[in-house]
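**Student:** The following comprises the amino acid sequence and a computationally predicted model.
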Amino acid sequence: MEFPENPAVNMDHLPLLQDVDVLPVDRAYRKMRLLAWGAVQTLILLAVLAPFVGQLVGWLDGVKMGLIWIPLLVQFALGGLWFAEEWLGFERRGYAVRERDITYQTGWLVRNTVTIPYSMIQHSELSQGPVSRWLGLNHIKLFTAGGSGNLRIAGLKEEKAQELRGVIDARAGKS
């Protein structure tokens, strides 16, 4: 029995994904992400500070508050890391439309790069939440066969999102 040939690919001549020039998302998206960060940090801070306030008001008289500093320190450390990821990671956030696929990258501390071939895209969807609508931003979601490679590109101005969706749908053969 004869098997078909399956030669190895020379990896030296493949383009590197880090060499791809990405298009940035709109800068207003940073504002939206930092607003979300601030809202979550405020809620966590209120929850962590509740025992301090309770003791000041007299509701928690006689309760030892020695270990209550630990959650406050953890909250500041994790909140600081999250802020650094949002602020420093924003510069890396972007997408690249190529001939056969689309790539989206994010992150500073935790880096993420997703590439989806147009042939795998089943359909696309534009969405807006209340804050993104207020900032004039859209999110495009790309759904793939099987659902394991879905992609969401957030922080696009409406015109850019419509244009990108048209390009993707045309290349994916969905238009």
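**Tutor:** That came in fine, so what should we check first? Residues are numbered from 1 along each chain as shown.
**Student:** and Val167, what is it in contact with?
**Tutor:** Shown in contact with Val167 (Cβ atoms under 8 Å, 6 or more residues apart in numbering): Val97. C-betas here are computed from N, CA, C, even on glycine.
**Student:** now swap in Asn112 and tell me
**Tutor:** Counting by Cβ under 8 Å, 6+ apart, Asn112 makes contact with Gln105, Thr106.
**Student:** for the residue minimising distance to the centre of the chain, which residues make a bridge with it?
**Tutor:** Geometric centre of the chain, nearest residue: Thr106, 6.1 Å, by Cα atoms, centre = their mean. For Thr106, the beta-bridge partners are Asn112 (DSSP bridges).
**Student:** Going forward, count from 186.
**Tutor:** Happy to do that; since the first residue is 186 now, the last one works out to Thr291.
**Student:** longest helix anywhere in the protein?
**Tutor:** Ranked by residue count under DSSP state H, the longest helix found in the chain is helix 213-242.
**Student:** For it, give the mean pLDDT please.
**Tutor:** For helix 213-242, mean pLDDT rounds to 89.
**Student:** What of stretch 258-265?
**Tutor:** 93.
**Student:** buried set for it?
**Tutor:** Gln260, Gly264 (16 or more other Cβ atoms under 10 Å).
**Student:** just how off-centre is it within its chain?
**Tutor:** Using Cα atoms, centre = their mean, to the nearest Å, the distance from the centre of stretch 258-265 to the centre of the chain it belongs to is 21 Å.
**Student:** ok, now how distant is Glu344 from Ile353?
**Tutor:** 15 Å (Cβ to Cβ, to the nearest Å).
**Student:** which of those two has more neighbours?
**Tutor:** When Glu344 and Ile353 are compared for neighbours, Ile353 comes out ahead with 22 against 10, by other Cβ atoms under 10 Å.
**Student:** ok, for that one, nearest residue in space, not its chain neighbours?
**Tutor:** In space, and not counting its chain neighbours, Ile353 is closest to Ser309: 5.7 Å by Cβ to Cβ, 6 or more residues apart in numbering.
**Student:** same deal with Met305?
**Tutor:** Thr329 (4.5 Å).
**Student:** again, but for Arg278
**Tutor:** Nearest non-adjacent residue to Arg278, counting by Cβ to Cβ, 6+ apart: Thr291, 4.9 Å away.
**Student:** phi, psi of Met328?
**Tutor:** In this structure residue 328 is Phe, not Met. phi -110, psi 130 (degrees, to the nearest 10).
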